[in-house]
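S.K.: Turn this into a structure:
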Amino acid sequence: MTQAAPSNPIQDLSAAFTGLVAKVAPGVVSVHSHRSRSSGFVWRPGLIVTADEALSEEGEFSVTLPGGNTVAAQLAGRDSTTDVALLRVDHADLQPVLLEALPVAAGALVMAVGAEDGTPTVAVGVVSRAVGPWRSLRGGEIEARIELDLRLRQSAEGGLTLNALGQAIGMAVFGPRRRVLVIPSATIERVAAKLEHFGRIARGYIGLGLQPVAIEGGDESGAMVMSVDPQGPGAAAGIYQGDVIVTWNSEPIRHVHSLLRALGPDSVGQTVTLGLRRAGETKQVPLTVAERCAA
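M.R.: This is a model prediction of the structure:
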């Protein structure tokens, strides 16, 4: 009686990786824009999610499907604050990827699957850090901060991140200092749904050009008003060029970025109280946040 060959753990692992890639590859595409190459995946029939930062601001868009066929794409919407962009293609028969909103722990094995010229690209690594919700530098609310320790190809940005079971837990993107981050499934589902219906994510607007400034006589900092939109909320509130904003709803302004991050979708229509310094005096000024108009 012939004995079965002993199992080879390395070969079994390799076969498992190959199987996971083959399972999701029909839903992963190459994305082409002006002087830019990235990846994306089929979110819903005819709709492709990709990384906003990897998508050019101008020019035409196209998508190379699995197998190499290239089709035109139209921008359905983009949100720079969460790095999610949505493209439309005239191919409703594409296989959507099932996104799973699953907990992720540091040390977990992960795989980033992108596409290049219609064929998959793969990088394997681990979750180096996983914490709770956070705000991006541009003010986007992201459900979890997940950092990866792997080498991501430039063309793979916007592709899928898989866990060890082959479940899609989010989109792989480049963060600050080229750190690889995951935009989690919950964030993608929330943002992409709004982009599909409205083409944009509402952002707050106060109509003020600001510059950081140190407050004389102390360790405090503030934001000096360098310009005022005459039709904006700041002008309506009676704010002038040269005013220094020192508090926002009684919270100190430590960085201009922190003030801008407060202008998320939920801020539109809210009335906030700005603490101002003007000619040596302190004033409390109510301001109603408007919605930023699309460019």
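
S.K.: okay, and the helix or strand of the protein with the least pLDDT?
M.R.: Using mean pLDDT, DSSP states H and E, helix 256-261 stands out as the lowest-scoring helix or strand of the chain, at a mean of 77.

S.K.: Any buried residues in that helix, and which?
M.R.: Buried positions in helix 256-261, judged by neighbour count with 16 or more other C-beta atoms under 10 Å: 256, 259-261. The way it works is simple: take the backbone N, C-alpha and C, and place the C-beta from them, glycine included.

S.K.: So which bits of the helix or strand containing residue 148 are buried?
M.R.: Following DSSP states H and E, one finds residue 148 within strand 145-149. Buried residues in strand 145-149, defined by neighbour count with 16+ other C-beta under 10 Å: 145-146, 148.

S.K.: What is the very next helix or strand once past that strand packed up against?
M.R.: Per DSSP H and E, the first helix or strand lying C-terminal to strand 145-149 is strand 160-162. Taking 3 or more C-beta pairs under 8 Å, 6 or more residues apart in numbering; DSSP states H and E as contact, the helices and strands that strand 160-162 lies on are helix 9-24, strand 109-116, strand 168-174.

S.K.: what's the longest strand seen in the chain in contact with?
M.R.: Across the chain, the longest stretch assigned as strand under DSSP state E is strand 119-131. With C-beta atoms under 8 Å, 6 or more residues apart in numbering as the test, strand 119-131 has contacts from 17, 21, 25, 28, 39, 66, 68, 104-115, 144-153, 155-156, 159, 180.

S.K.: Stretch 227-244 too?
M.R.: By C-beta under 8 Å, 6+ apart, stretch 227-244 touches 205-209, 213, 215, 222-226, 274, 276-278, 285-290.

S.K.: what about residue 277, distance to residue 252?
M.R.: Applying C-beta to C-beta, to the nearest Å, the value for residue 277 to residue 252 is 12 Å.

S.K.: shared neighbours, these two?
M.R.: residue 246.

S.K.: Between the two, tell me which one has more neighbours.
M.R.: In this view residue 277 and residue 252 are compared by other C-beta atoms under 10 Å, and residue 277 has more residues nearby, 20 against 13.

S.K.: Next, count neighbours for the closest residue to the more buried one other than its chain neighbours.
M.R.: Spatial nearest neighbour of residue 277, excluding adjacent residues (C-beta to C-beta, 6 or more residues apart in numbering): residue 244 at 4.4 Å. Neighbourhood size, residue 244 [other C-beta under 10 Å]: 22.

S.K.: The chain should start at 278 in everything you say after this.
M.R.: Yep, numbering from 278; the last one is residue 521 now.

S.K.: bridging residues for residue 521?
M.R.: residue 501, residue 554 (DSSP bridges).

S.K.: How about the contacts made by the residue lying closest to residue 297 once chain neighbours are set aside?
M.R.: Leaving aside its chain neighbours, residue 297 sits nearest to residue 443 (4.0 Å; criterion: C-beta to C-beta, 6+ apart). Contact criterion C-beta under 8 Å, 6+ apart gives 296-297, 300-301 as the residues in contact with residue 443.

S.K.: Residue 520: neighbour count?
M.R.: Residue 520 is flanked by 22 other residues according to other C-beta under 10 Å.

S.K.: typo on my end, residue 470
M.R.: Using other C-beta under 10 Å, residue 470 has 13 neighbouring residues.

S.K.: Can you name the residues that contact it?
M.R.: Per C-beta under 8 Å, 6+ apart, neighbours of residue 470: none.

S.K.: For the longest strand of the chain, list the C-alpha coordinates in PDB.
M.R.: Output of strand 396-408 as PDB, limited to C-alpha atoms (Å, rounded to 0.1, in the frame of the first residue of the first chain):
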ATOM      1  CA  THR A 396      -3.500  40.900 -13.500                       C
ATOM      2  CA  PRO A 397      -3.300  40.800  -9.700                       C
ATOM      3  CA  THR A 398      -0.400  42.100  -7.600                       C
ATOM      4  CA  VAL A 399       0.100  40.900  -4.100                       C
ATOM      5  CA  ALA A 400       1.900  41.900  -0.900                       C
ATOM      6  CA  VAL A 401       1.900  40.000   2.400                       C
ATOM      7  CA  GLY A 402       2.500  41.400   5.800                       C
ATOM      8  CA  VAL A 403       1.100  41.900   9.300                       C
ATOM      9  CA  VAL A 404      -1.000  44.500  11.100                       C
ATOM     10  CA  SER A 405       1.500  46.600  12.900                       C
ATOM     11  CA  ARG A 406      -1.000  48.800  14.800                       C
ATOM     12  CA  ALA A 407      -4.800  48.700  15.200                       C
ATOM     13  CA  VAL A 408      -6.700  51.300  17.300                       C
END
